[in-house]
Each structure stands twice: as structure tokens, then as C-alpha cells.
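K.L.:
Got a predicted structure here, sequence first:
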Amino acid sequence: MTRLSAAVVSALCVLVLAGPALAQAPAPGPASPSDHILLTIFLKHDQSKTLDEINKELETTGFWAKFPPDGIAVESWYVMMGIGQVVTLRVPPARLREVNRAIELTAWRAFRTDFYATYDLREAAKALRERARKK
């Protein structure tokens, strides 16, 4: 057996034997609800356009009237300087396509977009911080 093969086999044995010890304990906090997901959308400014041009495009497509679709809750909506806008929505899973279509139809010429499934870690992070400070 070559040294590399021996090293790989040794590493695998350590991982298999120590697997349960290395497993991360679940973070404290509430389970994710089944009635909605959080969806974060980056609306990245097209920097080849002025703000007036971007706003004109949004007006032309009816962005502000159509996004987010009625009944979709806005969790947060921030401007990230140098990037654009970052919107987090609370979306029933059955309405995900509707949110995507609203972006496709109204935002694509004004923004480049990225979508990220999101979850709230605030309470779990708070509990972990408090537990760490007690040590």
C-alpha cells in the first residue's frame, strides 16, 4: 500500500469511528414552519445605467405595483450600497413560481437577480452566544 493510500484509509477510519462525535448538534430554536419559506432576492443594480434610468425601467414594467405579488409578506428590504437591493420575502411554497414570474416580468431589465433560500438564525445564534459566554 502506498503512503497516500495508507493516509486516505487512516483518514476514512478516523471519520467513520469519530463520526458521531464530530456531528454537529442541532441548533436550539424553533423548527422551520411548513406553511412558508423565506426567500432572499438580490436585486443587483445594473451599473451601466443611472438611477433615473433604472427607476424609469421599473416604472415602465410596473415593478412597484406587481412586486411582491399581493399576499406575499416582506420580511426585510434593504439597500446594500454598491450592490443594489436585498429583499427577504415570506413565501408559501405553492406561490414560489408567482414570485419568480413577478421578477422575470418586471425587474430583469433594471436588475440582475439572485435568489437564495433563507432561514432565521437569530434566536439560535443568540442562544449559542449566551451559552458560550457562560463558559
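P.N.:
Received it, and whenever you're ready, just let me know what you need.

K.L.:
how about the strand or helix carrying Asp114: buried residues?
P.N.:
In this structure, Asp114 sits in strand 111-118 according to DSSP states H and E. Residues of strand 111-118 classed as buried: Phe111, Thr113, Thr118 (neighbour count, 16 or more other CB atoms under 10 Å). Every C-beta, even on glycine, is put in place using the N, C-alpha and C of the backbone.

K.L.:
Dump the residues you listed to TSV, plus distance to Ile103 and pLDDT.
P.N.:
Formatted as TSV, the buried residues of strand 111-118 follow (distance: CB to CB, whole Å; pLDDT from 0 to 100):
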residue	distance to Ile103	pLDDT
Phe111	8	95
Thr113	6	96
Thr118	16	90
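
K.L.:
one step back: who are the packing partners of the next helix or strand after the strand holding Asp114?
P.N.:
Later in the chain than strand 111-118, the nearest helix or strand by DSSP H and E is helix 122-133. Other helices and strands packing on helix 122-133, by 3 or more CB pairs under 8 Å, 6 or more residues apart in numbering; DSSP states H and E, are absent; none qualifies.

K.L.:
what about the helices in this structure?
P.N.:
3-22, 51-61, 63-66, 96-106, 122-133 (DSSP state H).

K.L.:
Okay, now the unreliable bits of the chain?
P.N.:
Scanning the chain for pLDDT under 70 picks out the ranges 1-33.

K.L.:
C-alpha coordinates for stretch 89-96, PDB please?
P.N.:
Provided in PDB are the C-alpha atoms of stretch 89-96 (Å, rounded to 0.1, in the frame of the first residue of the first chain):
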ATOM      1  CA  LEU A  89     -39.900  37.500   1.500                       C
ATOM      2  CA  ARG A  90     -42.100  35.100   3.400                       C
ATOM      3  CA  VAL A  91     -43.500  32.900   0.600                       C
ATOM      4  CA  PRO A  92     -46.000  30.000   0.800                       C
ATOM      5  CA  PRO A  93     -44.200  27.200  -1.200                       C
ATOM      6  CA  ALA A  94     -47.100  27.000  -3.700                       C
ATOM      7  CA  ARG A  95     -46.500  30.600  -4.600                       C
ATOM      8  CA  LEU A  96     -42.800  30.500  -5.400                       C
END
